[in-house]
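Asks: model this:
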Amino acid sequence: MIPKRILLVTGMSGAGTSTVLKTLEDLGWEVVDNLPLDLLDALLDSPPPAGASPELRPLAIGLGVRTRGFAPAAFMERSEQLHERSDLAVETLFLTCGSAELKRRYSETRRRHPLALDRPAQDGISDEAALLAPLRERADRLVETTNMNAHDLGQWARAAYPVAGLSAPVLSVMSFGFSRGLPRNADLVFDMRFLRNPHWVPTLRPGTGLDSDVATYVQSDPAYEPVLAQIEALLITLLPRYQAEGKSYVTIAIGCTGGRHRSVHVAERIGARLREAGFSPTVAHRDLGAVPKDSLEGRRPAAPAEMP
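Replies: Model prediction:
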């Protein structure tokens, strides 16, 4: 049995624990913030969320001075008990930040420090630093966030705590017809109307881009291969960057006039190429079932198109 991964996230108030927890949740971690230590056993013994195995989805728990009944000695004792369990892989992350920067952050956000509700924030910062000093010394990983903004810290967390099979964006490739409108959720749109249109070939019109004779006709266009190769190279370059930036969903929309021939074939090809490159796209065809109409396809070519 693979030990369940547990990350205890603590540190100075204002140092970025909320940012880290939010990022971990986006990456696929199960996240619980400010859980009283008395409830930890009940949480660990509860079944995993629907559709997630205990090994696949790790658990991050936020603990700090805002947590009910929080005490550093009890935290360290409980952490040691968890480390002794063979079914758990436990790590403690401590976030720290310079006093002057914490004071600036509290002044900027106008929030009260949890240990100085009726006193200057600097008093609470000093008290918290002394209170958490033992945790800082015992933490498995210490991160200094003085010179990090929220984006920087989120990027660091993404690099440090990815989840295999969960942290990659949900990738979709869809075909559509421009005559029926652009997909509203498309991130990248590629127009295939420069390719020869099978609609104007009577024997191909009833078919779709899933049919081999339609695919052969589209592929025979001289512009097909050089353009598709460049689009695929672009996507293979961009998709890891989207993941690094924390994008949860990426939809690639491939359009032609009616959404039945060129875009369908190209979407299938791009989906296959991305799988070869290690991605896991879902391919869908929005307008595949639409009825072909000459009025939607624009102008007929000057000379009737013929099969190659």
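
Asks: Show me the contact partners of the longest helix seen in the chain.
Replies: Ranked by residue count under DSSP state H, the longest helix found in the chain is helix 224-244. For helix 224-244, contacts defined as Cβ atoms under 8 Å, 6 or more residues apart in numbering pick out 155, 158, 167-169, 171, 187-188, 190, 194-195, 218-219, 250, 252, 266, 269-270, 273-274, 277, 279. In this view, the C-beta of every residue, glycine as well, is placed from N, C-alpha and C.

Asks: Distance check, the residue nearest the centre of the chain against residue 22.
Replies: With distances taken as Cα atoms, centre = their mean, the residue of the chain nearest its centroid is residue 248 (2.9 Å). Residue 248 is 12 Å from residue 22, where distance means Cβ to Cβ, to the nearest Å.

Asks: just residue 75 next, same as before
Replies: In terms of Cβ to Cβ, residue 75 sits 22 Å off from residue 22.

Asks: What are the boundaries of the strands in the stretch 151-300 of the chain?
Replies: Under the criterion DSSP state E, counting those that start in this stretch, the stretch 151-300 of the chain carries strands at the ranges 170-177, 188-191, 249-256, 282-285.

Asks: show me where pLDDT drops low in the stretch 151-300 of the chain?
Replies: 165-168, 293-300 (pLDDT under 70).

Asks: Give me the nearest residue to residue 129, chain neighbours excluded.
Replies: residue 12 (6.8 Å; Cβ to Cβ, 6 or more residues apart in numbering).

Asks: wait, what's in contact with that neighbour?
Replies: 95-97, 102, 125, 128-129, 132.

Asks: What residues are bridge-paired with residue 95?
Replies: Beta-bridge partners for residue 95, by DSSP bridges, are residue 11, residue 143.

Asks: mind listing what it touches?
Replies: Residue 95 touches 9-12, 15-17, 20, 143, 145, counting by Cβ under 8 Å, 6+ apart.

Asks: Now list the buried members of the residues you listed.
Replies: Neighbour counting over the contacts of residue 95 (16 or more other Cβ atoms under 10 Å) leaves 9-12, 15-17, 20, 143, 145 as the buried ones.

Asks: Let me know the closest of those residues to residue 223.
Replies: In terms of Cβ to Cβ, no member of the buried ones among the contacts of residue 95 lies closer to residue 223 than residue 20, at 47.6 Å.

Asks: quick check, the closest one in a strand?
Replies: No - in this structure, residue 20 is helix, not part of a strand, as judged by DSSP: H, G, I helix; E, B strand; the rest coil.

Asks: What distance do you get for the residue lying closest to it once chain neighbours are set aside to residue 18?
Replies: Nearest residue to residue 20 in three dimensions, chain neighbours excluded: residue 157, at 5.0 Å (Cβ to Cβ, 6+ apart). Distance of residue 157 to residue 18, given as Cβ to Cβ: 11 Å.

Asks: quick one, what contacts the nearest residue to residue 171 once chain neighbours are set aside?
Replies: Using Cβ to Cβ, 6+ apart and skipping the chain neighbours, the partner closest in space to residue 171 is residue 281 (4.4 Å). Counting by Cβ under 8 Å, 6+ apart, residue 281 touches 171-173, 252, 270-271, 274-275.

Asks: Check the spacing between residue 119 and residue 112 real quick.
Replies: Applying Cβ to Cβ to residue 119 and residue 112 gives a distance of 9 Å.

Asks: again, but for residue 149
Replies: When residue 149 is compared with residue 112 (using Cβ to Cβ), they lie 22 Å apart.

Asks: Adding distance to residue 163 and mean neighbour count, write the strands of the stretch 151-300 of the chain out as CSV.
Replies: What follows is the strands of the stretch 151-300 of the chain, written out as CSV (distance: least, Cβ to Cβ, whole Å; neighbours: other Cβ atoms under 10 Å):
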stretch, distance to residue 163, mean neighbour count
strand 170-177, 14, 23
strand 188-191, 25, 16
strand 249-256, 16, 23
strand 282-285, 19, 17
